[in-house]
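1. model the following, please.
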Amino acid sequence: MYKDSLDNFIIDGGSLQAGEVTLSEVIYDDQQNHAVVNGDFCDKPIAVIEDKINEIDAYISAKATREYIHPTFEKLKSAKLDQVNAWTAAKITGGFISSCTGSPVRYDSDRDTQNTVSSDLNTIYLSPEKFNENFPNGYPMRGYPENANIKQVYFLTKEQLLQWNVDLGLHRGTCKQNGWVKQAQVEEALSKEDLDAIILD
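-> All right, here's what the predicted structure looks like:
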């Protein structure tokens, strides 16, 4: 977990003095029955070494801080753009509101739902008579009614399904436009503080 020079060990807050022993090298493995201290095999546990092991997290943290390389501003911008793109994609697939049945309902908009409906709509456009044949009771779609947290099944007419698809497209377009605004803010940022001020809610 921690491996470094003696000088850096001291820089990281360690001490070479362990009781009566001045440490020059320690090889210690929790899975083994022995340790090597200053070139000599020793039976475990070794109290003075156990103390060092118990403090190891502090040395690891100090080493990480000492070796940390601050990312360039361009890398920070790139990371923020990745966050914006992920945020936009999550918004698109996170559900949308449609009033195609006359009342607002929150429907799923994940990729599987989008692909399934898109495929079915292609069939409907090519063979309109297939809709009634394949969906005599209407096209089944589940969604959350307004102010409810339990999904209900809605059987959409062909016209309602087409409106559902229009509403999905509008939702997708709005999400993309909001994402473009955030992307522009990232591109215009001049400092880390500017990037931190771009809120993805």
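2. now do the strands in this protein.
-> 17-18, 21-22, 26-28, 34-37, 40-43, 96-98, 105-107, 139-145, 152-156 (DSSP state E).
3. ok, the longest one: who's next to it in the sheet?
-> In the sheet, strand 139-145 lines up against strand 105-107 (antiparallel), strand 152-156 (antiparallel) (DSSP bridges).
4. what lies in contact with stretch 183-201?
-> For stretch 183-201, contacts defined as Cβ atoms under 8 Å, 6 or more residues apart in numbering pick out 73, 76-77, 80-81, 83-85, 87, 182. All C-beta atoms are positioned from the backbone trio N, CA, C, and that covers glycine.
5. show me what the helix or strand of the chain with the lowest mean pLDDT is packed up against.
-> Ranked by mean pLDDT, DSSP states H and E, the weakest helix or strand in the chain is helix 47-54, scoring a mean of 72. With contacts taken as 3 or more Cβ pairs under 8 Å, 6 or more residues apart in numbering; DSSP states H and E, helix 47-54 sits against strand 17-18, strand 26-28.
6. turn these into CSV, columns for mean pLDDT.
-> Compiled in CSV, the helices and strands packed on helix 47-54 are given as follows (pLDDT from 0 to 100):
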stretch, mean pLDDT
strand 17-18, 75
strand 26-28, 76
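7. which of these sits closest to L170?
-> Closest to L170 of the helices and strands packed on helix 47-54, according to Cβ to Cβ: strand 26-28, at 63.1 Å.
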